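Participant: Give me coordinates for this.
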Amino acid sequence: MHELSLAEAMLDIIKEQAKQEGFTKVTKVVLEVGTLSHVEADAMIFCFEAIITDTLAEGSILEIKRIPAKGHCLHCRNLSPMQNLYDPCEYCGEFGLELIDGDQLRIKHLEVE
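Facilitator: Numbering: from 1, shown residues only. This is a model prediction of the structure:
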């Protein structure tokens, strides 16, 4: 389960931001998860809740915003939604979409005290 190492890395980032910004409590974390990021949302929430005990994020809520994948078609130049990495273009049917969104894992927002 790589979500555990991702949750630990996320907590490290939050701690570093706390040092830089001077906050002492996190009440909410908004995480953007692309549909092609291979991150299971429920597993991520479970792992995050498991590691925040006795930290500045204890009791905080992890909100996950799913980001749909889309790719740029090199043939017809349209933006096409993607369900899988090697999907054909929705408009012209050609393969070879260049992924432009939907594989990210990013802390979008922190609510702090």
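Participant: Buried by neighbour count: which residues of stretch 32-42 qualify?
Facilitator: In terms of neighbour count (16 or more other CB atoms under 10 Å), stretch 32-42 has its buried residues at 33-37, 39. Where C-beta positions appear, they are placed from N, C-alpha and C, glycine not excepted.
Participant: Tell me which residues touch residue 79, please.
Facilitator: Taking CB atoms under 8 Å, 6 or more residues apart in numbering, we find residue 79 in contact with 70-73, 100.
Participant: can you rerun that using 7 Å?
Facilitator: Counting by CB atoms under 7 Å, 6 or more residues apart in numbering, residue 79 touches 70, 72.
Participant: Read off the pLDDT value for residue 62.
Facilitator: Residue 62 is assigned a pLDDT of 98 by the prediction.
Participant: And for it, the neighbour number?
Facilitator: For residue 62, the neighbour count with other CB atoms under 10 Å is 20.
Participant: one step back: in strands, which of the buried residues of stretch 32-42 fall?
Facilitator: 33-34 (DSSP state E).
Participant: what's the closest of the buried residues of stretch 32-42 to residue 112?
Facilitator: Nearest to residue 112 out of the buried residues of stretch 32-42 is residue 33 (CB to CB; 20.9 Å).
Participant: Would you check that the closest one makes contact with residue 68?
Facilitator: No: look at residue 33 against residue 68 with CB atoms under 7 Å: they stay out of range, at 10.9 Å.
Participant: Only the buried residues of stretch 52-64, if you could.
Facilitator: 52, 56-57, 60, 62, 64.
Participant: ok, back up a step: want to throw the buried residues of stretch 32-42 into a markdown table with pLDDT and distance to residue 85?
Facilitator: Converted to a markdown table, the buried residues of stretch 32-42 look like this (pLDDT from 0 to 100; distance: CB to CB, whole Å):
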| residue | pLDDT | distance to residue 85 |
| --- | --- | --- |
| 33 | 97 | 16 |
| 34 | 97 | 11 |
| 35 | 95 | 11 |
| 36 | 96 | 6 |
| 37 | 94 | 11 |
| 39 | 95 | 15 |
